[in-house]
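Asks: predicted model, plus sequence, below.
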2 protein chains.
Amino acid sequence: MTKVDKIQSLINDFIDNQNFMGEPSELYAPIEYILRQGGKRMRPTLCLLACELFGGNIEDCMIPAVSAEIFHNFTLVHDDIMDQAPLRRGMETVYHKWNSDIALLSGDTMLIKAFQYVLATKKEYSHEVFAELCKVALEVCEGQQYDLNFETQDDVTLDAYLEMIRLKTAVLLGSVLKIGAIVAGANDKNQKAIYDFGINLGLAFQLQDDILDCYSDVNVFGKMTGGDISDNKKTYLYLKALELASEDDRNHLLNLFKMPKGRNEKKIQAVLNIYDKYNVKNIVEKLMTEYYEKSLQDLNSVEASEENKEILRDYAAYLYTRNK
Amino acid sequence: MTKVDKIQSLINDFIDNQNFMGEPSELYAPIEYILRQGGKRMRPTLCLLACELFGGNIEDCMIPAVSAEIFHNFTLVHDDIMDQAPLRRGMETVYHKWNSDIALLSGDTMLIKAFQYVLATKKEYSHEVFAELCKVALEVCEGQQYDLNFETQDDVTLDAYLEMIRLKTAVLLGSVLKIGAIVAGANDKNQKAIYDFGINLGLAFQLQDDILDCYSDVNVFGKMTGGDISDNKKTYLYLKALELASEDDRNHLLNLFKMPKGRNEKKIQAVLNIYDKYNVKNIVEKLMTEYYEKSLQDLNSVEASEENKEILRDYAAYLYTRNK
């Protein structure tokens, strides 16, 4: 059992022992439902790994780590309302299993619970953890709003897309790592280096996600592939294809993304054909690799034992080579 | 200028001087929009009055008071999505002026901002204020969920209704008063007494709201009257009418509330005719008066100067006799 396996098992045990139920059950059952699904537990894992990296006590860090996991699941529940997504992690979304009102309110409840958990951390750093959680929570909302804006915006740039995924995905990875560092009493320089590691890893992770959304096996990925195309999401793949395509292909692609949202296999295939023609998958993989390598440089700059760094390096490599 | 006027003016000045804007503007403009509308500012007013009641410094209490106001406005923004409400305080709701996605995300942002504000309070009580805010925030969600449940529930009792409005409305009044008492350093007994004052005042307030929703002048009230009837809301008025009505009237009323949601002047008038026939307005007014009087007894039991209590008594009387 690797260190990461052990940590993930601790996280799952901790979450399994939490009681998220309450009255009315309509409000709390979706919280149990989504938090018991598992998922990668990437955010609490990174949080605890950062705590260990700097010689902190993992037990002290479990509460903020789980708080971040609850927060992350809150964002999934609300995002799935906006995306009208039926499936997540191979299971029905809260929105689809119950309804949008329940998903809205259960999501609110999860956000509050995420903050309430932090109250149980040690007083010496609870204020700092709280502040970091508030800051990153606002940024994640900003990222999601940019994502929504892009739907009706014709002039989305590649840079704007990268800023959106930085806010929507990367900052939370940065913040959970920073929170682990705070709990371990790391200095500001190390807090910043591990935060930056998370940002670059997060950017690589999201680009990977965009690729997997188009090219992975639905049985492995747990979501229908082609979801982003069905939703007319202007991902890096799409924006890069627009940039590179001939006028004809460009107009074709623009028209395909003017079709109403919803699954349409012919549309998905037509879009993928254009992506393939301009080799955008490879281009995005190259950018992803650049961010991944930057993240490793950030990790190198951290003042900690090589042995501990190696654990985070392995975990980053695992995320980088994942197929779901 | 009365004490309450002064306090409300301080609150409005403070809120006017806050900058709620940020990028993307779609996320933050609705926050500016709703927080600049004013409204009664009842929650921060009660918070500051409780602080003064126990000899605290109003300035210390401004941040938690405004935090509670932001929290309250968050609940309005999300409730209006669920109710698909076009109008609030005589103005378009965020949901209607923008759209449900923006209302969802702006609401989330407001909830986070409410917590973030508390970070700026004095460390000696920020943890306690945070804990109270988390607790009440969960209760308010529970109340809203009960309210949603009642829509499809045929056996809602009068007691269940009162418990719902306790959670949805009254506990926040109790908590803001308690938070004012915490900031002022009041003892547990006084914190509890002022909390109970808020609960009973809140129950009276919500029953008043139900009555005003049926019987007030739209130009004064700021919302369309008959909104609860249009939405098939099982208010105390409705439940009491069901209890008292003849079998014919009962079935008529049940059928009227099986009509699809949406304005229908004939339906509203038919429901009001049944309410009038069984005198339910007077019955609800009587119950409201009982809660109001209980709240005054709670206030009497508080250990504070008569002069300070009189200010809260006057404010409670103002709420009790309001017409909007």
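Replies: Noted; the coordinates are in hand.
Asks: please count neighbours and contacts with C-alpha atoms only from this point.
Replies: OK.
Asks: where in the stretch 151-300 of chain A is pLDDT low?
Replies: A:218-224 (pLDDT under 70).
Asks: and the residue of it closest to chain B?
Replies: As assessed by Cα to the nearest Cα, chain B sits closest to residue A:164 within the stretch 151-300 of chain A, at 10.4 Å.
Asks: helices of the stretch 1-150 of chain A, start to end?
Replies: Assigned by DSSP state H, counting those that start in this stretch, the helices in the stretch 1-150 of chain A fall at A:3-16, A:25-35, A:42-53, A:58-83, A:94-97, A:100-118, A:123-151.
Asks: who in the stretch 51-200 of chain A is up against chain B?
Replies: Within the stretch 51-200 of chain A, the positions adjacent to chain B are A:78, A:82, A:101-102, A:104-105, A:108-109, A:112-113, A:115-116, A:119, A:127, A:130-131, A:134-135, A:137-138, A:141-142, A:144-146 by Cα under 8 Å from any Cα of the partner chain.
Asks: so which residue is smack in the middle of chain A?
Replies: Central residue of chain A (Cα atoms, centre = their mean): residue A:169, 4.4 Å from the mean position.
Asks: contacting residues for it?
Replies: Each residue near residue A:169 by Cα atoms under 8 Å, 6 or more residues apart in numbering or on different chains is listed here: A:140, A:143, A:202, A:203, A:206.
Asks: which strand or helix spans the fourth one?
Replies: Put plainly, it is residue A:203. helix A:188-215 (DSSP states H and E).
Asks: what's the angle between that helix and helix A:42-53?
Replies: On the basis of axes from the mean of the first three to the mean of the last three Cα atoms, to 10 degrees, helix A:188-215 is oriented at 150 degrees to helix A:42-53.
Asks: now do the buried residues in helix A:188-215.
Replies: A:190-214 (16 or more other Cα atoms under 10 Å in any protein chain shown).
Asks: torsion angles phi and psi at the residue lying farthest from the centre of chain A?
Replies: Most distant residue from the mean C-alpha position of chain A: residue A:248, 34.9 Å away (Cα atoms, centre = their mean). Phi and psi for residue A:248, reported as degrees, to the nearest 10, are phi -60, psi -50.
Asks: so what's it up against?
Replies: Contact analysis of residue A:248 by Cα under 8 Å, 6+ apart lists nothing.
Asks: hmm, try it at 10 Å
Replies: Contacts for residue A:248 were tallied using Cα atoms under 10 Å, 6 or more residues apart in numbering or on different chains; they are residue A:254.
Asks: next: residue A:304.
Replies: Applying Cα under 10 Å, 6+ apart, the residues contacting residue A:304 are A:52, A:53, A:54, A:55, A:186, A:190.
Asks: before we move on, what about residue A:122?
Replies: So residue A:122 contacts A:60, A:61, A:63, A:129, A:183 (Cα under 10 Å, 6+ apart).
Asks: three-state assignment of residue A:311?
Replies: Recorded secondary structure, residue A:311: helix (DSSP: H, G, I helix; E, B strand; the rest coil).
Asks: that one touches residue A:48, doesn't it?
Replies: No - taking Cα atoms under 10 Å as the definition, residue A:311 is not a contact partner of residue A:48, at 11.5 Å.
Asks: ok, these two, which is more surrounded?
Replies: Per other Cα atoms under 10 Å in any protein chain shown, whichever of residue A:311 and residue A:48 has more neighbours is residue A:48, with 31 against 18.
Asks: the more buried one contacts residue A:176, doesn't it?
Replies: Yes - the pair formed by residue A:48 and residue A:176 meets the contact definition of Cα under 10 Å, at 8.5 Å.
Asks: neighbours around residue A:322, how many?
Replies: Using other Cα under 10 Å: residue A:322 sits among 13 other residues.
Asks: and of the helices of the stretch 1-150 of chain A, who's closest to residue B:11?
Replies: helix A:123-151 (23.4 Å; Cα to Cα).
Asks: returning to that earlier point: from the chain's centroid, how far away is the helix holding residue A:203?
Replies: Put simply, helix A:188-215 sits 9 Å off its chain's centre (Cα atoms, centre = their mean, to the nearest Å).
Asks: stretch A:65-77 now?
Replies: For stretch A:65-77, the distance to the chain centre is 10 Å (Cα atoms, centre = their mean).
Asks: same check, this time on stretch A:36-46
Replies: 10 Å.
Asks: that stretch: which residues count as buried?
Replies: Result for stretch A:36-46 [16+ other Cα under 10 Å]: buried residues A:41, A:42, A:43, A:44, A:45, A:46.
Asks: which residues does the second one contact?
Replies: With contacts defined as Cα under 10 Å, 6+ apart, the neighbours of residue A:42 are A:8, A:65, A:68, A:69, A:72, A:173, A:176, A:315, A:319.
Asks: among those residues, which one has the most neighbours?
Replies: Most surrounded of the contacts of residue A:42: other Cα under 10 Å gives residue A:176, at 33 neighbours.
Asks: surely that residue touches residue A:69?
Replies: Yes - in this structure residue A:176 lies within contact range of residue A:69 using Cα under 10 Å: 9.4 Å.
Asks: find residues that contact each of these two.
Replies: A:42, A:43, A:44, A:45, A:47.
Asks: against chain B, how distant is the fourth one?
Replies: In this structure, residue A:45 lies at 24 Å from chain B, with Cα to the nearest Cα, to the nearest Å as the measure.
Asks: for that residue, give me its contacts.
Replies: A:4-11, A:51, A:62, A:65-66, A:69, A:176-177, A:180, A:312, A:315.
Asks: again with the last one
Replies: Residue A:47 is in contact with A:53, A:58, A:61-62, A:64-66, A:68-69, A:173-183, counting by Cα under 10 Å, 6+ apart.
Asks: next one: it, what pLDDT does it get?
Replies: If you check residue A:47, the pLDDT there is 98.
Asks: could you do the one 10 residues further on as well?
Replies: Reported pLDDT at residue A:57 in the predicted model: 96.
Asks: contacts for stretch A:8-15?
Replies: By Cα under 10 Å, 6+ apart, stretch A:8-15 touches A:1-7, A:16-18, A:32, A:35-36, A:38, A:40-42, A:44-46, A:48, A:58-59, A:62-63, A:65-66, A:69-70.
Asks: should've said stretch A:156-168
Replies: With contacts defined as Cα under 10 Å, 6+ apart, stretch A:156-168 is touched by A:75, A:136-147, A:149-150, A:170-174, A:199-200, A:202-207, A:234-240, A:243.
Asks: now these: which count as buried?
Replies: Using 16+ other Cα under 10 Å, the buried members of the contacts of stretch A:156-168 are A:75, A:136-147, A:149-150, A:170-174, A:199-200, A:202-207, A:234-240.
Asks: how near is the spatially closest residue to residue A:175 that is not a sequence neighbour to residue A:164?
Replies: Leaving aside its sequence neighbours, residue A:175 sits nearest to residue A:195 (Cα to Cα, 6 or more residues apart in numbering or on different chains; 6.2 Å). Residue A:195 is 17 Å from residue A:164, where distance means Cα to Cα, to the nearest Å.
Asks: chain center to stretch A:23-38: distance?
Replies: In terms of Cα atoms, centre = their mean, the centre of stretch A:23-38 is found 20 Å from the chain centre.
Asks: and it, what's its mean pLDDT?
Replies: Averaging pLDDT along stretch A:23-38 gives 95.
Asks: now do stretch A:314-322
Replies: The model assigns stretch A:314-322 a mean pLDDT of 91.
Asks: repeat for stretch A:130-141
Replies: What stretch A:130-141 shows for mean pLDDT is 98.
Asks: quick one: it to chain centroid distance?
Replies: Centroid separation between stretch A:130-141 and its chain, computed with Cα atoms, centre = their mean, is 14 Å.
Asks: CA atoms only: put it into PDB for me.
Replies: Presented in PDB, the C-alpha positions along stretch A:130-141 are these (Å, rounded to 0.1, in the frame of the first residue of the first chain):
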ATOM      1  CA  PHE A 130     -11.100  30.000   6.900                       C
ATOM      2  CA  ALA A 131      -9.700  33.000   5.100                       C
ATOM      3  CA  GLU A 132      -8.100  30.700   2.500                       C
ATOM      4  CA  LEU A 133     -11.300  28.800   2.000                       C
ATOM      5  CA  CYS A 134     -13.400  32.000   1.600                       C
ATOM      6  CA  LYS A 135     -10.900  33.400  -0.900                       C
ATOM      7  CA  VAL A 136     -10.700  30.200  -3.000                       C
ATOM      8  CA  ALA A 137     -14.500  29.700  -2.900                       C
ATOM      9  CA  LEU A 138     -15.100  33.200  -4.400                       C
ATOM     10  CA  GLU A 139     -12.500  32.400  -7.100                       C
ATOM     11  CA  VAL A 140     -14.200  29.100  -8.000                       C
ATOM     12  CA  CYS A 141     -17.500  31.000  -8.400                       C
END
